[in-house]
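Q: Build me a model:
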Amino acid sequence: MDCAYFDAGRCRSCTLMGVPHPQQLELKQGRTAQLLGAVPGLRWDEPFAGAEAGFRNRAKMVVGGTWRKPTLGILDAEGHGVDLRRCGVIDPAITDILPAIATFIRVARLHPYDVPTRRGELKHVLVTANPRGELMLRFVVRSQDGVDAIRADLPGLLQRLPQVLVVTANLLPQHIAALEGAQEVHLSGPATLDMPVGGLHLRLRPQGFFQTNTEVAAALYAQAAEWINEAAPASVWDLYCGVGGFALSAAAPGRQVLGVEISAEAVEGARAAASQAMLDGVRFRSGDATAFAQGSSADEQPELIVVNPPRRGLGERLASWLNECAASTVVYSSCNAESLAKDLERMPGWRPVRARVMDMFPQTDHFEVITLLRRA
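A: Residues are numbered from 1 along each chain as shown. Coordinates of the predicted model:
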């Protein structure tokens, strides 16, 4: 893949831009194998590679410039906007609407937030696309004035963009390096965006986490389901379950599945998806995964545990608990091979027997790796 922004030095976020995709996969698998070290009997499945362009189902566009001439993209080293509205790794369903969003900013006179002076109203525009091209649109603003300005001119925007099904405003008044704040204001459409992923129908709420690459997410859930069904457990926990992708994939007649996630927004979406699919054996609860696990007794613990932690990994407490728990199988999905390797060092009672790199983030050195762990 080629990128004019990268070639011009305007954006270097895609650190592997220009490297042939097969070579990117070799680098990622080689890096993971190096970090995990020599593991007797470990079988590496062929890396999964989806599309190398247009794969990002979510765009996080920083708004810069002026309300008359806004930029949608990133900030440069001085905190000024760099326009990237034709970014090639973003789903075209998203990039196609960005000119209309820029026009809306002008019509609504939404002053972009200027980081150096700490003035302005509109910070970010966040857009999520499902495989049908339907969109969730979120405006991150500093105050209620921004919410009111968006609401006043929103009907015209929705008339122009009927594919935008869900619209919200998020309030982030503080001058901090954060993508969004805690308060979300619903402006239009349903509470969730339907996200078909393989055979699943997930429900995305505005602040619920979901994998950035829908095609690779479907393959990731399918791989986990294959390993889970081979193990044939009667009970499964999905820790850090997000919107429920792994938990819903683990569903089977007679099997009890419980997903645990700290984000109440994500849990609401997961429950809606389970209800829509009429999966009575799948439940979700909101709470800290480590605290939940440590508070369980041996007879409450499942036969199989799925973990999908953030980049920092499981941490010492949960890794130590997993090392001693009653489960016989663990499926570990990691977005950071370094933290995966550290966690496995903390879990000498487990041995990886299968591993597969899932190229969730082509053109970058980031990726997902899923491993199947058995008792050592």
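Q: care to break the protein down by domain?
A: Domain assignment for the chain, taken from automatic domain parsing, gives 4-52+210-375, 58-190.
Q: Gly198 is nearest to which of those domains?
A: domain 4-52+210-375 (3.7 Å; C-beta to C-beta). Every residue, glycine included, has its C-beta placed from N, CA and C.
Q: For that closest one, measure first residue to last.
A: Counting by C-alpha to C-alpha, to the nearest Å, you get 49 Å between the two ends of domain 4-52+210-375.
Q: follow-up on the earlier one: and of the domains of the chain, who's closest to Leu202?
A: That would be domain 4-52+210-375 among those, by C-beta to C-beta, at 5.1 Å.
Q: Now do that closest one: distance to the chain's middle.
A: 12 Å (C-alpha atoms, centre = their mean, to the nearest Å).
Q: ok, the nearest residue to Asn336 once chain neighbours are set aside - contacts?
A: Nearest residue to Asn336 in three dimensions, chain neighbours excluded: Arg311, at 4.4 Å (C-beta to C-beta, 6 or more residues apart in numbering). Residues near Arg311 by C-beta atoms under 8 Å, 6 or more residues apart in numbering: 335-336, 339.
Q: Can you list which of those residues are found in strands?
A: For the contacts of Arg311, not one is inside strands, with DSSP state E as the criterion.
Q: Out of these, the closest to Phe292 would be?
A: Closest to Phe292, out of all of these and judged by C-beta to C-beta, is Ser339, at 20.1 Å.
Q: circling back: and the domains of the chain as TSV, adding mean pLDDT and distance to Val197?
A: Below are the domains of the chain laid out as TSV (pLDDT from 0 to 100; distance: least, C-beta to C-beta, whole Å):
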stretch	mean pLDDT	distance to Val197
domain 4-52+210-375	96	5
domain 58-190	97	8
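Q: right, and these - which one's nearest Pro196?
A: domain 58-190 (5.6 Å).
Q: re the thing from before, over to the residue nearest to Asn336. Which of the three states is it?
A: Using DSSP: H, G, I helix; E, B strand; the rest coil, the structure places Arg311 in coil.
Q: Please report how far it lies from Phe367.
A: Per C-beta to C-beta, to the nearest Å, Arg311 is found 12 Å from Phe367.
Q: okay, and the common contacts of the two?
A: With C-beta under 8 Å, 6+ apart as the test, Arg311 and Phe367 both reach Cys335.
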